[in-house]
Every structure is written in structure tokens, then in C-alpha cells.
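K.L.:
Would you be able to build a 3D model of this:
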Amino acid sequence: MAYKIAVFDAKPYDRVTFDRVNEKYGFELTYHKEHLDINNVVLANGADAVCIFVNAVVDSDVVAKLKSYGINLIALRCAGFNNVDILAAEKHGVKVVRVPDYSPHAIAEHTLALMLCLNRKVHRAFLRTRDGNFSLVGFEGFDMYGKTVGVIGTGKIGKVAIGLFKGLGMNVLAYDLYPDNAFAEAEGIKYVTLDELYANSNIITLHCPLTKETEYLICDESIKKMKDGVMIVNTGRGKLIHTRHLIDGLLSRKIGYAGLDVYEEEGAYFYEDHSDAVMTDDVLARLLSFNNVIVTSHQAFFTQEAMENIANTTMNSISDFFAGKELKNQVVYKA
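P.N.:
Numbers count the residues shown, from 1 in each chain. This next block holds a predicted model:
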């Protein structure tokens, strides 16, 4: 008998990829468009495992419900796991697995795309020329060659991004709680303190995980330490940036540009079509009103290669769980 997997937050592109990859596993996949939370957890009843994405809310109550249905595995098809109560899962004997990396190139390349679009005003030029306006007024950018980019977080994504920046002839300053000095020496980059990075970077890009220490890393206090007109790019997690403080920085011109693929309250909007509705999130609406801000839909990961890797890693972890094998991508609670 095939094991039953309830796949939540399933979009058409998820179904195509997971159905194709599932041909070699033979699971019985049931797709649900909803984000898993306490209001719809009953949809998981009868499944042997659940597969969720970034906007699920798996708190202790949801974990308890899953356990009561006989479900002992939560498979995250993403890297982040801050939306799952890991301690509650351990207490109930429910395993949690994730996809620690799927394509660092995809996210690093999207980061660079945001930087280039903001700098050269590509998003504004696209709209202007469609109206027959070919004026260059307001479109002046700067050579990225020779400028300094500050990279916060030098894991797999940060390292790939650094390679791209070096290819443009940029100077790289890096910060990481656990610096890779061998990498820095080989690449000719420099690890510095956060204050040094803030003070000397023309562009700052975030590639660190969301933890208690990094929540609202970019706030009014850190923004004050930055160069005037700094560009800030976030393809990591929304709550790395205090959005209201970011808006204050944009209004004062301390921040010259912002490229955001994530937003701290994105769960209510991202991955869905709200084009016919009135936007009730005043902060997001304000962000979208700035012509020096680009907001994308948490899509940095979204490439063919990444989707294939996500599906393969997720299905392999599920298969290993039911086979009683060691779970390489298990998330464990750390006090």
C-alpha cells in the first residue's frame, strides 16, 4: 500500500514537479491549496505525512492535531523552519525535515538582478517606454565596478553571491557569526564587524538565517550607521528588516534603494493573486508606492533546477523516514 502524503500550499507548478518526481517513489499525493494551520489541519486526517511550505503555521496545537491523526512526519519543502514549533514536534515524537539548500545560484542571481534593476532603473524604464516615453530623466545609475558590497551571511548562497559580485569588479566586505577564513583568503575578501560593514558598504545584501539574534537586524539603529543612499537587498527572510524603519530611511533618503524578495508579513499576500482586492496592509502598500523600491513575490528560489531539487530532496527524505533510515535533513530543537 502506498503511503499517503498531504501536500499543502500546492500550486500548479508544485503539482507538475512533484508528480514527475513521484514516479520513482509511488506515494499517494493529495494536494491542498491552503496553507496548513489550525483551521484546516483536519485536511491532513488520513495522511501518513504532510508536506508544507513557508507560509504554513505549525504551532503546538497543529502538531498535536497531526499526532492525533497518526502523522509522524512534517516535510518542509524549503530551507527555513521558523514557522514550525520544533520543540512541540520533538515532544510529540514528530520528525521534521527540510530542504537545506536547493539552488544557491538561483537566489544569488535574483539578488544580483534586484541590484541591477534598482541601480539602472530597469523597472521604471520598462513602464515608461511602453507609454512611448523615452526620456532618460531620473534614470542615472552608477558603475557597480569598484563599489563596495556588504554581504551579511556567507553560507552557500552568500558565497555564490560573492562570486557574482567579484565578477563585476566589486569590493566585498563580509560578516558571519562563523566566518570561513579559508574561503575569505582564497577569494580575497575581508570579514569585518557589522558596524564596519554598515559604514563602508554602498550596497548591503542579506543572506543570513532568521534567528532571535538576527530578527530586525536592519532597523533604525543599524540604518543610522550606513552610508547615505545605501542600497539594501533582502532575499533571505522578511523579519531580518524592520519594515517601518526601512520606510523611514527611504523617506529621509538615508536609504537610496531597497530590493525585497521577502516581507515580514508576507503570509497574507505572497503566492496568491490579490489584484482584484483592496490592499489592507498599509505598510506593504506604502513600500509599493516608492519608485526606488522593488518588491518581488518571494521568488528568488523559483527556477527549474531549484524546483527539481526541492521535490527530489523532499521525496527522498519522506522515503527515508518510512524506510527507517537516518534523516540527513532532520531539524532538531536547539535550546
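
K.L.:
Is there a neighbour count for the residue nearest to residue 296 when sequence neighbours are not counted? I'd like the number.
P.N.:
Excluding the flanking residues, the one nearest residue 296 by Cβ to Cβ, 6 or more residues apart in numbering is residue 261, at 4.8 Å. Placement of C-beta: from N, CA and C, glycine included. Using other Cβ atoms under 10 Å, residue 261 has 25 neighbouring residues.

K.L.:
now stretch 290-308: how far from the chain's centre is it?
P.N.:
9 Å (Cα atoms, centre = their mean, to the nearest Å).

K.L.:
Between the two ends of it, how far is it?
P.N.:
35 Å (Cα to Cα, to the nearest Å).

K.L.:
List the buried residues in that stretch.
P.N.:
By 16 or more other Cβ atoms under 10 Å, the buried positions in stretch 290-308 come out as 290, 292-296, 298, 300-303, 306-307.

K.L.:
Ok, stretch 106-125 next?
P.N.:
106-115, 117-119, 121, 124-125.

K.L.:
What is the nearest of the residues you listed to residue 257?
P.N.:
Nearest to residue 257 among the buried residues of stretch 106-125 is residue 118, at 4.2 Å by Cβ to Cβ.

K.L.:
Quick check, the closest one in contact with residue 292.
P.N.:
Yes. Using Cβ atoms under 8 Å, residue 118 is in contact with residue 292, at 6.9 Å.

K.L.:
Give the residues shared as contacts by the two.
P.N.:
Residues touching both residue 118 and residue 292 (Cβ atoms under 8 Å, 6 or more residues apart in numbering): 257-258.

K.L.:
Go ahead and report the secondary structure state at the residue most central in space within the chain.
P.N.:
Closest to where the C-alpha atoms of the chain average out (Cα atoms, centre = their mean) is residue 236, at 4.2 Å. Using DSSP: H, G, I helix; E, B strand; the rest coil, the structure places residue 236 in coil.

K.L.:
Surely it touches residue 215?
P.N.:
No. With contact defined as Cβ under 8 Å, residue 236 does not reach residue 215; the gap is 11.6 Å.

K.L.:
buried stuff in the longest helix along the chain?
P.N.:
Looking across the chain with DSSP state H, the single longest helix is helix 304-322. For helix 304-322, the neighbour count (16+ other Cβ under 10 Å) marks 306-307, 309-318, 320-321 as buried.

K.L.:
Reformat the residues you listed as a markdown table; add distance to residue 64.
P.N.:
As requested, those are exported to a markdown table (distance: Cβ to Cβ, whole Å):
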| residue | distance to residue 64 |
| --- | --- |
| 306 | 33 |
| 307 | 32 |
| 309 | 32 |
| 310 | 27 |
| 311 | 29 |
| 312 | 31 |
| 313 | 27 |
| 314 | 23 |
| 315 | 26 |
| 316 | 28 |
| 317 | 22 |
| 318 | 21 |
| 320 | 25 |
| 321 | 20 |
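
K.L.:
Give the rounded mean pLDDT of stretch 276-285.
P.N.:
Across stretch 276-285, the average pLDDT comes to 94.

K.L.:
Straight-line length of it, end to end?
P.N.:
Calculated as Cα to Cα, the first-to-last residue distance of stretch 276-285 is 14 Å.

K.L.:
got it, and stretch 33-50?
P.N.:
Note: stretch 33-50 ends 13 Å apart using Cα to Cα.

K.L.:
go on, stretch 81-90?
P.N.:
Chord length of stretch 81-90, first to last residue, is 14 Å (Cα to Cα).

K.L.:
quick one on the thing from earlier: my guess is the residue nearest to residue 296 contacts residue 300. True?
P.N.:
Yes. Using Cβ under 8 Å, residue 261 is in contact with residue 300, at 4.6 Å.

K.L.:
Common neighbours of those two, please.
P.N.:
110, 235.

K.L.:
State the number of residues packed around residue 43.
P.N.:
Neighbour tally, residue 43, other Cβ under 10 Å: 15.

K.L.:
Fine by me, thanks again.
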